[in-house]
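Enquirer: Below are the sequence and a predicted model; questions follow.
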Amino acid sequence: MSNEKRQKSGLTAAWVSRAKPKDKPYKLSDRDGLYLLVEPSGSRVWRMNYRIHGKQRTITFGRWPELLLGEARERLLDARRLLAKGIDPVEHAKLEKIARSLAATHTFEAVAKEWLDKIAAEGAAPMTVKKARWLLAKLYPAIGRRPIGEISAHELLLALKKIEATKRYDTANRARTASSQVFRYAIATARTERDIASDLRGALITPKTTHRAAITTPVEAGALLRTIDDYDGHPLTKTALRMLAHVFVRPGELRWAEWSEFDLEKRVWTIPGHKMKMRRPHAVPLTRQVLAILAEIEHDSAYSPFLFPSLRAVDRPMSDNTINAALRRLGYGKEEMTGHGFRALAATLLNEMGCWNPDAFERQLAHADGNSIRRAYARGQYWEERVRMMQHWSDHLDQLRDGAKILRPKFGHSGS
């Protein structure tokens, strides 16, 4: 068929499929400026020539057979509509490609991973980053590939409800909190305008608060201490259990303890802020008993910086499950006692004594104070009382281990 007839009727799919390569490139014209360029290699490409702003240009729509005749005609119509508005189709295609590339970096998953990298670089505890990564990954199947600025509150709610449907209510609520931090980061980096996760407060089932398992009576505490003394597992694990009872820090803070943080002469252990839950440095008075425990550890700084290194890799601390596993080996079920339970034990028995300033005790537990003015005032307070309180606690533990029910302090707190 001649070019003149094809201009009027256009190509057919059969003609396109039968087009054979020649020694030189040639065109098969369709209509309205669309043509198929047949290369000597056999490649067939849909194109259109046009003029805009006094310049001759060519736009390529795609290759046949990936782009069929009907689809090529639709692309042609889109290009002609742009030309009618004075828009160059080639430049428009370049901008769209850039927009798609940017959109790929603006998905929920991409922004979430960027935020995780940021908090890790800022010194967030490795476990904090690990937990946040685990929570956010649960949302990726539903909204991970969606542009973060296009996600609706209802869409996020459906993703959270899928977690809630498995009866993991706490996980669903913590995933909402983690996603809220991602959305706030996206606002700060101009990827979205609102934190839609904040709109979902109260939309999920609130789990019933369950307190961590802990022994909280003097008799039980004494039995626990005697059982720890009989522990026949690894010596360092036994040492960690004994020390945790005296200092009652969070188990993770003890695991990551490094020798460089201890000033044995001044009798203080200063935990850096990046290792603390509240991201503030924390000082722990070292009692006579704790100093004696530390002296039992065979320390070689060239071997490991940690008090309690992993048995598999000395450049890492012991596993986060070591303390709880040791308690299970001693016969304490997870519903009876955990590593975190030593904090509850100290909180219960020291509070029952009624001798210590509550603020001093809260400072020693490294709890957050919601009142910023009060927190600033209390920052340097109560140290002497905390030193006395911690020594009394160590003495009290010795008495409980030896069978006494309670040891009364000979001094009270220093005032409110």
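Expert: Yep, that arrived.
Enquirer: where along the stretch 1-150 of the chain do the helices fall?
Expert: Listed in chain order, the helices of the stretch 1-150 of the chain (DSSP state H, counting those that start in this stretch) span 3-9, 13-18, 69-84, 89-104, 108-121, 126-137, 140-143.
Enquirer: can you redo these as JSON lines with distance to Glu352?
Expert: (C-beta placed from N, C-alpha, C; glycine too.) Output for those, formatted as JSON lines (distance: least, CB to CB, whole Å):
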{"stretch": "helix 3-9", "distance to Glu352": "97"}
{"stretch": "helix 13-18", "distance to Glu352": "88"}
{"stretch": "helix 69-84", "distance to Glu352": "78"}
{"stretch": "helix 89-104", "distance to Glu352": "59"}
{"stretch": "helix 108-121", "distance to Glu352": "39"}
{"stretch": "helix 126-137", "distance to Glu352": "32"}
{"stretch": "helix 140-143", "distance to Glu352": "47"}
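Enquirer: Mean neighbour count and distance to Lys275 added to these, as JSON lines?
Expert: Formatted as JSON lines, the helices of the stretch 1-150 of the chain follow (neighbours: other CB atoms under 10 Å; distance: least, CB to CB, whole Å):
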{"stretch": "helix 3-9", "mean neighbour count": "11", "distance to Lys275": "76"}
{"stretch": "helix 13-18", "mean neighbour count": "12", "distance to Lys275": "68"}
{"stretch": "helix 69-84", "mean neighbour count": "16", "distance to Lys275": "58"}
{"stretch": "helix 89-104", "mean neighbour count": "13", "distance to Lys275": "36"}
{"stretch": "helix 108-121", "mean neighbour count": "18", "distance to Lys275": "14"}
{"stretch": "helix 126-137", "mean neighbour count": "16", "distance to Lys275": "10"}
{"stretch": "helix 140-143", "mean neighbour count": "16", "distance to Lys275": "29"}
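Enquirer: quick check, distance from stretch 225-241 to the centre of its chain.
Expert: In this view, stretch 225-241 has its centroid 33 Å away from the chain centroid, taken as CA atoms, centre = their mean, to the nearest Å.
Enquirer: Could I get the buried residue list for that stretch?
Expert: 225, 227-228, 231, 236-241 (16 or more other CB atoms under 10 Å).
Enquirer: Could you do stretch 387-397 as well?
Expert: Residues 387-394, 396-397 are the ones in stretch 387-397 that count as buried (16+ other CB under 10 Å).
Enquirer: Out of the residues you listed, which sit inside helices?
Expert: 387-394, 396-397 (DSSP state H).
Enquirer: ok, so of these, who is nearest Ile119?
Expert: Met390 (32.2 Å; CB to CB).
Enquirer: Quick check: chain neighbours aside, which residue is closest to the closest one?
Expert: With CB to CB, 6 or more residues apart in numbering as the criterion, Met390 has its nearest non-adjacent residue at 4.4 Å, and that residue is Pro285.
Enquirer: can you check Ile293 too?
Expert: Leaving out its chain neighbours, the residue that sits closest to Ile293 by CB to CB, 6+ apart is Met243, at 5.1 Å.
Enquirer: same deal with Lys275?
Expert: Nearest to Lys275 is Trp256, by CB to CB, 6+ apart, at 5.4 Å.
Enquirer: Now do the phi/psi pair for the one you found.
Expert: Trp256 adopts backbone torsions of phi -90, psi 10, taken as degrees, to the nearest 10.
Enquirer: Which of the helices and strands in the protein ranks last by mean pLDDT?
Expert: The helix or strand of the chain with the lowest confidence, counting by mean pLDDT, DSSP states H and E, is helix 372-378 at a mean of 42.
Enquirer: Go ahead and list the helix or strand containing Val284.
Expert: Secondary structure assigned from DSSP states H and E places Val284 in strand 282-285.
Enquirer: packing partners for that strand?
Expert: Counting contacts by 3 or more CB pairs under 8 Å, 6 or more residues apart in numbering; DSSP states H and E, strand 282-285 packs against strand 268-271, helix 383-401.
Enquirer: May I have the residues that are in contact with Tyr169?
Expert: Contacts here follow CB atoms under 8 Å, 6 or more residues apart in numbering; on that basis Tyr169 touches 204-207.
Enquirer: Report the lowest-confidence entry in those.
Expert: Of all the contacts of Tyr169, Pro207 carries the smallest pLDDT score, 75.
Enquirer: wait, doesn't that one sit right on Asp170?
Expert: Yes. Between Pro207 and Asp170 there is a contact at 4.6 Å, judged by CB atoms under 8 Å.
Enquirer: ok now the strand holding Val284, how far from the chain's centre?
Expert: The answer for strand 282-285 is 27 Å, by CA atoms, centre = their mean.
Enquirer: With stretch 147-155 instead?
Expert: Centroid displacement of stretch 147-155 relative to its chain, using CA atoms, centre = their mean, is 20 Å.
Enquirer: Could you pull up the mean pLDDT of that stretch?
Expert: 93.
Enquirer: Please apply the same query to stretch 303-314.
Expert: On average, the pLDDT along stretch 303-314 is 86.
Enquirer: Which positions within that stretch qualify as buried?
Expert: Buried residues in stretch 303-314, defined by neighbour count with 16+ other CB under 10 Å: 304-309.
Enquirer: sorry, back to before: widest-spaced pair of the contacts of Tyr169?
Expert: The farthest-apart pair in the contacts of Tyr169, when distances are taken by CB to CB, is Leu204 and Pro207, at 9.2 Å.
Enquirer: joint contacts of the two?
Expert: 169, 173.
Enquirer: which one of those two has more residues nearby?
Expert: Taking other CB atoms under 10 Å, Leu204 and Pro207 do not tie; Leu204 has more neighbours (18 against 14).
Enquirer: what's the following helix or strand after the strand or helix carrying Ile293?
Expert: Using DSSP H and E, Ile293 sits in helix 288-296. With elements assigned by DSSP H and E, the helix or strand that comes after helix 288-296 is helix 322-329.
Enquirer: what packs against that next one?
Expert: helix 235-247, helix 251-255.
Enquirer: Contact partners for the spatially most central residue of the chain?
Expert: Against the mean C-alpha coordinate of the chain, by CA atoms, centre = their mean, the closest residue is Ala132 at 2.0 Å. Counting by CB under 8 Å, 6+ apart, Ala132 touches 116, 119, 178, 181.
Enquirer: where does this protein have low pLDDT?
Expert: 1-9, 98-104, 208-213, 300-301, 368-381, 404-416 (pLDDT under 70).
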